[in-house]
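**Q** All I have is the shape, not the residue letters:
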Ligand SMILES: Nc1ncnc2c1ncn2[C@@H]1O[C@H](COP(=O)(O)OP(=O)(O)OP(=O)(O)O)[C@@H](O)[C@H]1O
Ligand SMILES: Nc1ncnc2c1ncn2[C@@H]1O[C@H](COP(=O)(O)OP(=O)(O)OP(=O)(O)O)[C@@H](O)[C@H]1O
Ligand SMILES: [Mg+2]
Ligand SMILES: [Mg+2]
């Protein structure tokens, strides 16, 4: 694997005297699937916006494919890394859903047929193909969230950074988007997702970054991170319900993280019980 | 539930202008003092619209066709789904003060109240910050603080914890339960987070296509697994795990219904193991 995005001692403040990111160093390789978690105001969005140059560090450097983000425009960087806003209304401006999703590909200067195909694909991926001529603004919050994600998908960047992409979606919407991200990941894309949903982290992420007061507090697999109670407490998060159940029930390590794993454990336990009592 | 309803909708139907179908149909709903009522439903089911109708904003502030009756006794507090679009204050303090404008309180009282509600939502030290220059979850906390400030009898919240960190979300729900108990207020909260609703609500509504499909106390509500799944509602993992345990005979079905949170299932599981061992010997 090779490095795609690298943070070296990155600090950043919206105001001169107040650091919001503090000395963050990390490396993202091509093809990773990463979740960023942590309390409100811990710096997740600020960190995410550094990945494609929307924000530039006050000190330290962020490099994308080895080049300093200070030396490139956001438009240029967006071909490699695209950021999807936490609030979809911050990125929705066009008068139809089709136009909205076509906006990015048009800016890339793609031919019309390619634009058409990408928009169709992206809308199908989020289940909005029927609504292409509808007005984005009057749709429900969940729909607006899907429009925002579709706009990013249509850009087909190497790496996608999504800031709470499942907020406001119903369960089917959440499943659809996560399934899609997994598919993109399998096709070789690098995916970084900011989320407060620990069930999703447990089910989808391969690596977890935990933010706390502007610092990278912990970096590990979901299994490693959820086992560290003191880290979770500090970061204002909690392990998924299934894991907390496993701990409370006294299940042996590795404590199941997902419902599927827990169901397997229940079945194994039952079989063990039967062989013992027969 | 005892006493008179604080808020009531009777035979309410509503269609937004330029919309081909009804956003609400045949809504009959009574809300009593001292209950936390959850609203679940798939996207576009009408959760926001129902909350707007409960708050009287539909039809007052929207064009469309309304029929039916709304009766309300007591003051309302509302937390909107997109709090940011409602902000008008230059500072967090000012934002909250707007909701106290007609309260007739003296300035010192207002200031004290602002301090109290900011503390309740974990935003001490944020009074002089601009509400627009906050993180997503911090904005949502400001909106909750504003709605709490004037001590409403009825609190309507539209996905109030969607951007909160897990600890913050839990604390908000704990706070709602506490307000319900101590002040007997009525709380209606929409959310996709069924795990939290199961733990903290007394009663839950399932809304689909503008209609109330289910209106039940929380435990029987989450017993309707098939119906919930049919409407695409996430059945909390704790309940799904419990059902698997019942199927495989690890525990026997509880006569009161499904477990509503992790600790409950853990307790049932430990009891089953103890009695299982007793049977063996
Ligand atoms: N535009 C801004 N101006 C000044 N301060 C800001 C601005 N945006 C965010 N902040 C502050 O920077 C800190 C980090 O904010 P950030 O948005 O990165 O947090 P976050 O981890 O994404 O939180 P959330 O989970 O609530 O979205 C917070 O304390 C916040 O108040
Ligand atoms: N201002 C409006 N004008 C026209 N139609 C609207 C308006 N607001 C909502 N609708 C429509 O009314 C229906 C119900 O929308 P509503 O926002 O109440 O759903 P919801 O259950 O809150 O969805 P979500 O989970 O996405 O927030 C949807 O079909 C929506 O498109
Ligand atoms: Mg954020
Ligand atoms: Mg809504």
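**A** It's in. Just so it is clear, the model here is predicted, and its values are computed rather than measured. Ligands and ions are numbered 1, 2, ... in the order given.
**Q** ok, now which ones touch whatever residue of the stretch 151-278 of chain A ends up closest to ligand 1?
**A** Closest contact between the stretch 151-278 of chain A and ligand 1, by Cβ to the nearest ligand atom, is at residue A:211 (6.1 Å). Where you see a C-beta, it was placed from the backbone N, CA and C, and this is true even at glycine. Neighbouring residues of residue A:211 by Cβ atoms under 8 Å, 6 or more residues apart in numbering or on different chains: A:36, A:37, A:38, A:39, A:42, A:43, A:44, A:47, A:217, A:235.
**Q** Next step: the residues you listed restricted to helices.
**A** A:44, A:47 (DSSP state H).
**Q** got a winner among the contacts of residue A:211 for most neighbours?
**A** residue A:37 (30 neighbours; other Cβ atoms under 10 Å in any protein chain shown).
**Q** quick one, helices of the stretch 51-200 of chain B?
**A** With helices called from DSSP state H, counting those that start in this stretch, the stretch 51-200 of chain B shows them at B:57-60, B:92-98, B:107-120, B:136-149, B:166-183, B:194-200.
**Q** Just tell me which of these ends up closest to ligand 1.
**A** helix B:136-149 (2.8 Å).
**Q** Do me a favour and get the end-to-end distance for stretch A:31-44?
**A** End-to-end span of stretch A:31-44 (Cα to Cα, to the nearest Å): 20 Å.
**Q** wait, what's in contact with residue 231?
**A** Just so you know, I chose chain A. Neighbours of residue A:231 in contact, by Cβ under 8 Å, 6+ apart: A:210, A:217, A:218, A:225.
**Q** try again with chain B
**A** By Cβ under 8 Å, 6+ apart, the neighbours of residue B:231 are B:41, B:42, B:206, B:208, B:213.
**Q** Buried subset of those, written for PyMOL?
**A** Of the contacts of residue B:231, the buried ones can be selected in PyMOL as follows, counting by 16 or more other Cβ atoms under 10 Å in any protein chain shown:
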select buried, chain B and resi 41+42+206+208+213
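**Q** What residues does the stretch 1-150 of chain B have near chain A?
**A** By Cβ under 8 Å from any Cβ of the partner chain, the residues of the stretch 1-150 of chain B that approach chain A are B:41-44, B:48, B:81-82, B:84-85, B:133-138, B:141.
**Q** which of the residues you listed tops the neighbour count?
**A** Neighbour counts for the residues of the stretch 1-150 of chain B next to chain A peak at residue B:141, which has 30 neighbours (criterion: other Cβ under 10 Å).
**Q** number of nearby residues for the nearest residue to that one once chain neighbours are set aside?
**A** Distances taken as Cβ to Cβ, 6 or more residues apart in numbering or on different chains put residue B:121 closest to residue B:141, at 4.2 Å, once the chain neighbours are dropped. Residues lying near residue B:121 (other Cβ under 10 Å) number 22.
**Q** sec struct for residue 251, please.
**A** Using chain A. Under DSSP: H, G, I helix; E, B strand; the rest coil, the three-state class of residue A:251 is coil.
**Q** measure it to ligand 4 for me?
**A** To ligand 4, residue A:251 is 38 Å away according to Cβ to the ion, to the nearest Å.
**Q** That residue: what's it in contact with?
**A** Residue A:251 neighbours (Cβ under 8 Å, 6+ apart): residue A:265.
**Q** residue contacts, the nearest residue to residue B:79 once chain neighbours are set aside?
**A** Nearest residue to residue B:79, sequence neighbours excluded (Cβ to Cβ, 6+ apart): residue B:157, at 4.2 Å. Listed by Cβ under 8 Å, 6+ apart, the contact set of residue B:157 reads B:51, B:78, B:79, B:144, B:147, B:176, B:187, B:188, B:189, B:190.
**Q** With residue A:94 instead?
**A** A:100, A:103, A:136.
**Q** Which residue ranges of the stretch 51-200 of chain A form helices?
**A** A:74-77, A:97-107, A:112-125, A:141-153, A:171-186, A:198-204.
**Q** Determine whether any part of the strand or helix carrying residue B:216 lies close to ligand 2.
**A** Assigned by DSSP states H and E, residue B:216 falls within strand B:211-217. No. With Cβ under 6 Å from any ligand atom as the criterion, ligand 2 is not reached by strand B:211-217; the gap is at least 11.7 Å.
**Q** does that strand come close to chain A?
**A** No. Using Cβ under 8 Å from any Cβ, strand B:211-217 stays clear of chain A, coming no nearer than 14.4 Å.
**Q** Could you pull up the mean pLDDT of the following helix or strand past that strand?
**A** Per DSSP H and E, strand B:211-217 leads on to helix B:218-223 as the next helix or strand towards the C-terminus. Averaging pLDDT along helix B:218-223 yields 98.
**Q** same for helix B:218-223, what does it pack against?
**A** helix B:194-200, strand B:203-208 (3 or more Cβ pairs under 8 Å, 6 or more residues apart in numbering or on different chains; DSSP states H and E).
**Q** could the helices of the stretch 51-200 of chain B be laid out in JSON lines, adding mean pLDDT and distance to ligand 4?
**A** As requested, these are arranged in JSON lines below (pLDDT from 0 to 100; distance: least, Cβ to the ion, whole Å):
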{"stretch": "helix B:57-60", "mean pLDDT": "96", "distance to ligand 4": "12"}
{"stretch": "helix B:92-98", "mean pLDDT": "93", "distance to ligand 4": "22"}
{"stretch": "helix B:107-120", "mean pLDDT": "92", "distance to ligand 4": "24"}
{"stretch": "helix B:136-149", "mean pLDDT": "94", "distance to ligand 4": "14"}
{"stretch": "helix B:166-183", "mean pLDDT": "93", "distance to ligand 4": "17"}
{"stretch": "helix B:194-200", "mean pLDDT": "97", "distance to ligand 4": "15"}
